[in-house]
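Chemist: here is my input; please provide its structure:
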Amino acid sequence: MPDSVARAPRVAWVGVNLDPLGRSPDTLLGGTWPAFGRAAGAAQRAGARVTMFQAAWDDAEREIDGVPCRFVRGDDPFIHLPGGRALRRRPVRLLEYVAAMQPDIVHFEGLLFPREIRALTAALPRVPILAQDHATKCPRGWRRWWYRWGFAPLAGVAFTARAQAAPFIAAGVLRRGIAIFEVVEISTLFSPGDQRAARARTGLGGDPCLLWVGHLDRNKDPLTALDAVARAVSTLPHLQLHMCFRHAPLLDRVRERLDDPALRDRVHLRGAVPHAEIESYFQAADFLLQASHAEGSSGAAIESLASGTTPLVTDIPSFRRIVGDGQYGALAPVGDSAALAAAISDWSARDRPLLRRRAREHFERDLSFDAIGRQLRSAYDQVIASQ
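Modeler: Numbering: from 1, shown residues only. This is a model prediction of the structure:
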């Protein structure tokens, strides 16, 4: 075993994505990026020695959850082209700082920057790079060649669920045989709290009390969820669904659907709820209802389990991973309102206090920040040992 595995590996955690609004590091850390650095902190608690390097509009040095973080400004991050187009420059200063650290491994944030990964490889030719996906869609057309070229040096990739790598491998964007790791990309500090007190605070009710947290768009598919609720009412006449959302391109269609007598007095459109308050909504609910067609790593499902609330969701790779292949929540086929309705009825008949305990236990074991730290440390060790 190499010395770098026997001892705590030095990890350069690299993010090259610039905040599109040009905000300062302190503004971002003051609330815009509430979980920034927590996963890195968890990896450090698991025995890695982590330093974060983040592309930014201003230079700054901060410590985040015990991890040193250097925000690095580029001289001019863009090459401006005719017609108002722009091309990102190589983040030369950031690369210099990363190289000076002499890391054993680079943890690269995202699968959107093939040129930057190539630049890292040139700056650190003998250092393996582990990239972590953050809900990236597999590129199409000529971009596949571009991404294939950029990702060729990668030593490994972390997805929430291993199955999420399949489209990238099938398209040749990731080479066959590349090391794939299952690492949850996000977590939360939410906790179960007292359900009765949470209901008093939020006004949520129902037996069961269902919660929706997500956009009203085609991917989240609120219409399938509403069809499922309408079906479930026949066996659960006291059911209530509370829908929290921000972006709502399907709002008019949702309102039309609520003209159904089976839904009219049972579905409550609560709109946008500040994140500081949403924990109480999760604590108040019996179940989270989601009908998504695709998710990178559902923050709502993870926050739900952290709060002791069981997710009733669609059978897609990320949800399958998050609910433990159906042990800690229902999995229904995408677009199948009858199956989702059956799941609502089935899980509502189960021992709900037991479900709440099992949901929280599963979160702490597999989805918490500390769990992410253990998953990352294992991935780092395996990648380094394979070199």
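
Chemist: any idea how many residues pack against residue 105?
Modeler: Counted with other CB atoms under 10 Å, residues neighbouring residue 105 total 25. Using the backbone N, CA and C atoms, a C-beta is placed for each residue, glycine as well.

Chemist: that one pairs with what?
Modeler: Beta-bridge partners for residue 105, by DSSP bridges, are residue 11.

Chemist: ok now do it, which residues does it touch?
Modeler: Taking CB atoms under 8 Å, 6 or more residues apart in numbering as the criterion, residue 105 is in contact with 9-12, 127-130, 155, 380, 383-384.

Chemist: and the protein, what are its domains?
Modeler: The chain breaks down by automatic domain parsing into domains covering 3-187+369-385, 195-367.

Chemist: on that earlier part again, among the contacts of residue 105, the buried ones, what's the ChimeraX command?
Modeler: Here is the ChimeraX selection string for the buried members of the contacts of residue 105, based on 16 or more other CB atoms under 10 Å:
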select :9,10,11,12,127,128,129,130,155,380,383,384
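
Chemist: just the closest of the contacts of residue 105 to residue 371, please.
Modeler: Within these, distances to residue 371 taken as CB to CB reach their minimum at residue 380, with 15.1 Å.

Chemist: of the domains of the chain, flag the one that's most buried.
Modeler: Greatest average neighbour count among the domains of the chain goes to domain 195-367 (a mean of 19), per mean count of other CB atoms under 10 Å.

Chemist: tell me the mean pLDDT over that one?
Modeler: For domain 195-367, mean pLDDT rounds to 97.

Chemist: now do stretch 81-101
Modeler: 86.

Chemist: and the helices in the stretch 201-350 of the chain?
Modeler: Here the stretch 201-350 of the chain has its helices, by DSSP state H, counting those that start in this stretch, at 222-232, 251-257, 261-264, 275-284, 299-306, 317-322, 337-348.

Chemist: mind putting the ones you listed in a markdown table, distance to residue 75 included?
Modeler: As requested, these are arranged in a markdown table below (distance: least, CB to CB, whole Å):
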| stretch | distance to residue 75 |
| --- | --- |
| helix 222-232 | 46 |
| helix 251-257 | 44 |
| helix 261-264 | 57 |
| helix 275-284 | 35 |
| helix 299-306 | 35 |
| helix 317-322 | 38 |
| helix 337-348 | 53 |
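
Chemist: to residue 364, which of those helices lies closest?
Modeler: Counting by CB to CB, residue 364 lies closest to helix 299-306 out of the helices of the stretch 201-350 of the chain; the figure is 8.4 Å.

Chemist: contacting residues for the closest residue to residue 304 other than its chain neighbours?
Modeler: Of all residues not flanking residue 304 in the chain, residue 288 sits nearest, at 3.9 Å (CB to CB, 6 or more residues apart in numbering). The contact partners of residue 288, by CB under 8 Å, 6+ apart, come to 210-213, 282, 300-301, 304, 309-313.

Chemist: what do you get for residue 326?
Modeler: Contacts here follow CB under 8 Å, 6+ apart; on that basis residue 326 touches residue 320.

Chemist: and what of residue 364?
Modeler: By CB under 8 Å, 6+ apart, the contact list for residue 364 reads 370-371.

Chemist: how much space between it and residue 118?
Modeler: To residue 118, residue 364 is 39 Å away according to CB to CB, to the nearest Å.

Chemist: burial check on residue 190, number of neighbours?
Modeler: A total of 21 residues lie near residue 190 under the criterion other CB under 10 Å.

Chemist: that one contacts residue 306, doesn't it?
Modeler: Yes: judged on CB atoms under 8 Å, residue 190 makes contact with residue 306 at a distance of 4.1 Å.

Chemist: cheers, nothing more for now.
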